[in-house]
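>>> I would like the atomic coordinates for the input below:
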Amino acid sequence: MKCKHILTLLKILNNGELRGTREFSHKLITILPIHTPSIRTKEIIDILEICHQNNLQAERLINYFLLPKIEKTVTKFNFENYILILKVLAKMKYQDDPIFWSNSILPCIFNYELTYENAKILWETYLNVKLNCPSLDIAKYFILIENILNKFEILIKKGQDVSNIKLSIDKDYSLIPKKESTDASNLKIKKLQQRISEKEGKENVLRDLGINVDKNASRSVSVEGSLNKILEIKDWKKAKYDFNILEMKRLKAGELALEAKEGEEVSTAESQEQPQKVIEEIKNEENVNEPNA
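Next comes the predicted model:
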């Protein structure tokens, strides 16, 4: 029996006072845990509603299966389902686990771009949660929602149409307008690809990575391989240190090569000067011997 069939039966059985319906409902509830891996959000909300309204004994199902499922998937809820789950948790007066609220449920406010109407609905829902679960600390979330409402009211006073305007809140608690989402890692990859696609940029990146670029080599390093090697770098401080060490080694090697070249030039010049000195000495000896003759 699938979860939706069990849910349909529970709805039918608990609409009236039929003999034996509670016992049969409890038996159906014992079957539901095997369906929790594939259960959908709306089904979770409906099950919680039925169990609460009919006072069904489903503590094991709720505490060990449904609430952990909500905790793992609540960040994927759309706004409508998020409001529904807040309402049903408020009806249940569920406040036994403040970490469940503070780490999973309440921070979802950062996931949504709110219209003026959505912001008002969210404020009223949070108020309902606070009234039914007074031990929860949700004051800062009230402030955040009120900031959004104040922003919309300022726009309305200026005569702007706010029906198509959406606002969201970042995790630094500051208002940000709706904008296209950007993936930082994708931007980094695109920049690297653009740099590597150019000849000079490719050579620089390969040099920075300590890869020898030999134009006459039969097997050259591919652009994709170089990009993968860059993306595998985890400790950029160490990579920068290694790069500086490589640069120092290259500079030292260049200085040694220059000294060797200068030494060769000096030795060549000396070897060229020696025959000239011998010729001059012979001429001097001949000039000295001529008067004696």
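>>> remind me which residues of the stretch 51-200 of the chain are low pLDDT?
170-200 (pLDDT under 70).
>>> all helices in it, in order from the N-terminus.
Ranges of helices in the stretch 51-200 of the chain, per DSSP state H, counting those that start in this stretch, are 59-61, 67-73, 79-91, 98-100, 116-132, 139-157, 184-197, 199-208.
>>> Please identify which of those is closest to residue 23.
helix 59-61 (15.9 Å; CB to CB). For every residue, glycine as well, the C-beta is placed using N, CA and C.
>>> buried set for the closest one?
The neighbour-count check on helix 59-61 (16 or more other CB atoms under 10 Å) flags residue 61 as buried.
>>> contacts for that helix?
With CB atoms under 8 Å, 6 or more residues apart in numbering as the test, helix 59-61 has contacts from 29-30, 32-33, 47, 51.
>>> tell me the contacts of the residue nearest to residue 120 when sequence neighbours are not counted?
In this structure, residue 120 finds its nearest non-sequential neighbour in residue 149, 6.9 Å apart by CB to CB, 6 or more residues apart in numbering. Shown in contact with residue 149 (CB under 8 Å, 6+ apart): 116, 119-120, 123.
>>> How is the protein divided into domains?
1-76, 96-181, 184-270 (automatic domain parsing).
>>> what about residue 27, neighbour count?
By other CB atoms under 10 Å, 9 other residues sit near residue 27.
>>> what packs against the helix or strand encompassing residue 29?
Assigned by DSSP states H and E, residue 29 belongs to helix 21-31. Counting contacts by 3 or more CB pairs under 8 Å, 6 or more residues apart in numbering; DSSP states H and E, helix 21-31 packs against helix 3-13.
>>> just to revisit the earlier point, select, out of the helices of the stretch 51-200 of the chain, the one closest to residue 260.
Here helix 199-208 is closest among the helices of the stretch 51-200 of the chain (CB to CB), at 22.9 Å.
>>> mind listing what residue 40 touches?
Contacts of residue 40 (CB under 8 Å, 6+ apart): residue 3.
>>> ditto for the one 5 residues further on
When contacts are counted by CB under 8 Å, 6+ apart, residue 45 is found next to 81, 84-85, 88.
>>> Point me to the helix or strand that includes residue 245.
With DSSP H and E as the test, residue 245 turns up in helix 236-289.
>>> returning to what we had before: from residue 142, how far off is the residue nearest to residue 120?
Residue 149 sits 10 Å away from residue 142, going by CB to CB, to the nearest Å.
>>> Quick check: neighbours shared by those two?
residue 123.
>>> per-residue pLDDT, residue 46?
Here the pLDDT value assigned to residue 46 is 89.
>>> Three-state assignment for it, please.
helix (DSSP: H, G, I helix; E, B strand; the rest coil).
>>> can you tell me how far it sits from residue 27?
As judged by CB to CB, residue 46 and residue 27 stand 18 Å apart.
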